[in-house]
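**Q** Pasting the sequence and the predicted coordinates here, then a few questions.
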Amino acid sequence: MMKAPQTALVLGGTGRTGSLVARTLVERGLGARTASRHGADVLFDWDDPTTHPGALAGVDRVYLVAPVMRVRFADQVAGFLDLAEAAGVRHVTYLSTYGGDQAPSDVDISAVEADLAGRGAITHSILRPAWVMQNFSDEHLPVVDGVITVPTGGGTEAFVDAADIATVAVETLLAPDAHAGARYAPTGPQALTVGEVADTIAGLIGRSVTHHDIDRDVWIDGAVAAGFVPADYAVMLRWLTGAIISGNGSRPNDDIEKVTGRPPTTFHDFARRSAHAWISPVAG
């Protein structure tokens, strides 16, 4: 399909996976252009279509990160993909969500996957990662006063390092023909409860860390009331946490090793690398 490496457009290019994807692509010899609303090579705003043509100029593949904190975005993404196709893009790697093909109908994750599958002029790869380990070291699921608060019903999840997701994405962008039509579900090597996550962090920082398995509706209502998420995003939170509570959280697989040749990062290794995040004042 592609006779010579050219340039990849990396949406969310300053984010957790996008920044790593761009840096690694350059290290591997492929041009990479980061795109975001702030701090990237080019300005890109999903809500400002005038920023899209310039971001796409001269690129032949895209790392697609859809609008965040939204549930309705299929039309925006479809318009962008139409423009990308006309601009000469021939491959898209889409950062989806674990079980994305089973997402609720009022969340547009599966709609974007279906859109990509229906485009004859663009090949695609879909990444459906488990919950990201970095959730515990940033503002998503922080340790506050020695407590991680999230509803899980005692269920488990094969938490995955964002760096491992990025390595899989890089391989699909470097060799799109080899990964055309692929659906990968990057996971960590262990299915862990959040209580086990808390114990691991506690053992590394030498302070008590526990899991508060809060009622799901109370947690979601609190997140909306505090302005952490829009009201319509509650359906996404309910689906994501519901999978773990019902025992259908992600399970370890060999996709990362199969694609990259390296085993996935363990949570212990991630936590050891990230211990500074929990020693800061915000960690309590």
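**A** Nice, I can see it.
**Q** how much space between the most centrally placed residue in the chain and Val10?
**A** Centroid-nearest residue in the chain: Leu95, 5.8 Å away (criterion: C-alpha atoms, centre = their mean). Computed as C-beta to C-beta, to the nearest Å, the Leu95 to Val10 distance reads 10 Å. Where you see a C-beta, it was placed from the backbone N, CA and C, and this is true even at glycine.
**Q** packing partners for the least confident helix or strand in the chain by mean pLDDT?
**A** Least confident helix or strand, the chain: helix 276-279 with a mean of 92, by mean pLDDT, DSSP states H and E. Helix 276-279 is packed against helix 194-205, with contacts defined by 3 or more C-beta pairs under 8 Å, 6 or more residues apart in numbering; DSSP states H and E.
**Q** For Gly181, list the residues it contacts.
**A** Listed by C-beta atoms under 8 Å, 6 or more residues apart in numbering, the contact set of Gly181 reads 117, 123-125.
**Q** What of Arg272?
**A** Leu204.
**Q** Quick check: next helix or strand after the helix or strand containing Glu85?
**A** Glu85 is located in helix 74-87, with elements delineated by DSSP states H and E. Next helix or strand after helix 74-87 toward the C-terminus (DSSP H and E): strand 91-95.
**Q** before we move on, back to that, PyMOL command to pick out the buried ones of the contacts of Gly181?
**A** For the buried members of those, the matching PyMOL selection, counting by 16 or more other C-beta atoms under 10 Å, is:
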select buried, resi 123+124+125
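**Q** one step back: report the buried residues of the helix holding Glu85.
**A** 74, 76-78, 80-81, 84-85, 87.
**Q** Could you tell me which residues touch both of Leu95 and Val10?
**A** Tyr63.
**Q** how many neighbours does Asp145 have?
**A** 9 (other C-beta atoms under 10 Å).
**Q** and if you look at Ala234?
**A** 16.
**Q** what's the answer for the one 5 residues further on, then?
**A** Neighbouring residues of Trp239 were enumerated by other C-beta under 10 Å; the total is 18.
**Q** thinking again about what came up before, filter the contacts of Gly181 down to the ones in strands?
**A** 123-125 (DSSP state E).
**Q** For those, could you give me a markdown table that also reports pLDDT and distance to Ala169?
**A** Formatted as a markdown table, the ones in strands among the contacts of Gly181 follow (pLDDT from 0 to 100; distance: C-beta to C-beta, whole Å):
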| residue | pLDDT | distance to Ala169 |
| --- | --- | --- |
| Thr123 | 98 | 14 |
| His124 | 98 | 12 |
| Ser125 | 98 | 8 |
